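Engineer: Here's my sequence, what's the structure:
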Amino acid sequence: QVQLVESGGGLVQAGGSLRLSCKPSQRTFSTTGMGWFRQAPGKEREFVAAMNWNAIGWSVSTSYAHSVSGRFTISRDHPANTVYLQMDNLNPEDTAVYYCAAGRLAGAAIDQYDYWGQGTQVTVSS
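Structural biologist: Numbering: from 1, shown residues only. This is a model prediction of the structure:
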């Protein structure tokens, strides 16, 4: 069973930046969409960003939650088969466990994804 491995979480002050990475545990794993979600204590898991690409790795769509639009950027390194979430101008409300997920058509709905990572903690201090 393939696993998605997130990295890059940590503690940062408000206004700072972090970059999260997500890479499948198997090099042969192939998908055409990946997304990022987050879950704060006592809250439901919520959509952050998603990206879809075609068979040769060209991006065909990206989408963001309103709360992160303009601050977060999702991107992908096709040869490395790695998806990134660049998070800038972080604020304490961004504190959560961040999860990456993979599915054929990535969007804002949790049920669009077949594979999930274990999560990485992001903590933003004020």
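
Engineer: Can you give me the buried ones in the strand or helix carrying residue 37?
Structural biologist: Residue 37 belongs to strand 33-39 when assigned by DSSP states H and E. Going by neighbour count (16 or more other Cβ atoms under 10 Å), the buried part of strand 33-39 is 33, 34, 35, 36, 37, 38. For the C-beta atoms, the positions are set from N, CA and C on the backbone; glycine is no exception.

Engineer: got a pLDDT number for the second one?
Structural biologist: This points to residue 34. We have a pLDDT of 96 for residue 34.

Engineer: Please identify which helix or strand holds the closest residue in space to it that isn't next to it in sequence.
Structural biologist: In space, and not counting its chain neighbours, residue 34 is closest to residue 83: 4.6 Å by Cβ to Cβ, 6 or more residues apart in numbering. With secondary structure defined by DSSP H and E, residue 83 is part of strand 82-87.

Engineer: ok, now residue 55?
Structural biologist: With DSSP H and E as criterion, residue 55 is part of no helix or strand.

Engineer: Let me see the confidence value for it.
Structural biologist: For residue 55, the model assigns a pLDDT of 82.

Engineer: Residue 96 now?
Structural biologist: Residue 96 carries a pLDDT value of 98.

Engineer: Surely it touches residue 39?
Structural biologist: Yes. Counting by Cβ atoms under 8 Å, residue 96 touches residue 39, with 5.6 Å between them.

Engineer: do you know how far the residue nearest to residue 34 is from residue 102?
Structural biologist: 9 Å (Cβ to Cβ, to the nearest Å).

Engineer: who touches both of those two?
Structural biologist: By Cβ atoms under 8 Å, 6 or more residues apart in numbering, residue 83 and residue 102 have these common neighbours: residue 34.

Engineer: out of those two, which sits in the busier spot?
Structural biologist: residue 83 (29 against 23; other Cβ atoms under 10 Å).

Engineer: beta partners for that one?
Structural biologist: On the basis of DSSP bridges, residue 83 is bridged to residue 22, residue 76.

Engineer: Kindly report the same for residue 96.
Structural biologist: Under the criterion used here (DSSP bridges), residue 96 is bridged to residue 122.

Engineer: what sits against the residue nearest to residue 34?
Structural biologist: Contacts of residue 83 (Cβ under 8 Å, 6+ apart): 21, 22, 23, 34, 36, 51, 74, 75, 76, 77, 100.
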